[in-house]
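# sequence and predicted structure are below.
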Amino acid sequence: MKIGRTLPALVFGGLVSFGLVLYATEDHPSALFKEYCAKCHGEDGTANTPKGKQLMAQDMTDPEFQAEKSDADLIKVVTNGGEDMPPFGKKLTKEQIEGLVKNDVRGFGKKKAK
Ligand code: HEC
């Protein structure tokens, strides 16, 4: 019977990819970014999503953008919102927002540079 071999292979394959997904979540972008930000900014930060395009969200891998803005600028926008960027000051803690800016937003800049 074929299924006797296929099923374990499927289960194993599933476990491996699940593990990879978990690993990636812990790394970059963070689970928090995926939950709250990726809808518009995309998991790769390029805002190549329907919502991101519609609102013309910032491409976070753009080195000019990374160079122009200070951490404090970005933390302010995420906390208070921008033109079309929703405010997260009430939804997330200061530490979470700081982490999102320093690890996730800045991380997209580093990814491109490599
Ligand atoms: C509803 C869509 C949407 C979501 C969700 C969203 N953003 Fe944005 N974001 C935008 C748009 C649109 C802009 C473009 C600038 C503006 O509107 O002020 C932006 C801009 C930004 C900027 C750049 C600000 C600047 O100074 O140019 C940062 C940083 C940012 N977002 C971070 C985040 C983080 C972190 C999250 C998740 C906590 C998030 N965004 C969630 C739509 C979104």
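Looks like it came in fine.

# gap between the residue in the chain positioned nearest to the ligand and residue 9?
Nearest to the ligand, among the residues of the chain, is residue 82, at 2.0 Å (C-beta to the nearest ligand atom). No exception for glycine: its C-beta is placed from N, CA and C like everyone else's. For residue 82, the distance to residue 9 equals 48 Å [C-beta to C-beta, to the nearest Å].

# so those two - more neighbours on which side?
residue 82 (13 against 9; other C-beta atoms under 10 Å).

# what about that one, which helix or strand?
Using DSSP states H and E, residue 82 falls within no helix or strand.

# per-residue pLDDT, it?
Turning to residue 82, the model gives it a pLDDT of 94.

# that one and residue 76, how far apart?
Where residue 76 is concerned, residue 82 sits at a distance of 9 Å (C-beta to C-beta).

# now swap in residue 89 and tell me
10 Å.

# overlap in contacts, those two.
Residues touching both residue 89 and residue 76 (C-beta atoms under 8 Å, 6 or more residues apart in numbering): there are none.

# in the protein, where is pLDDT below threshold?
1-4, 6-8, 10-26, 111-114 (pLDDT under 70).

# residue ranges of the helices in it, please?
3-26, 31-36, 38-41, 50-55, 63-68, 71-80, 94-99, 106-113 (DSSP state H).

# how about the residues of this protein by the ligand?
36-37, 39-41, 51, 55, 57-58, 69, 73-74, 77-78, 82-86, 88, 100, 105 (C-beta under 6 Å from any ligand atom).

# same thing but at 5 Å, please
The chain has residues 36-37, 40, 55, 57-58, 74, 77-78, 82-85, 88, 100, 105 near the ligand, with proximity defined as C-beta under 5 Å from any ligand atom.

# just the buried members of the residues you listed?
For those, a burial check counting by 16 or more other C-beta atoms under 10 Å picks out 36-37, 40, 55, 57-58, 74, 77-78, 85, 88, 100, 105.

# determine which two of these are furthest apart.
With C-beta to C-beta as the measure, no two of these lie farther apart than 55 and 100, at 18.0 Å.

# what's the burial count for residue 67?
9.
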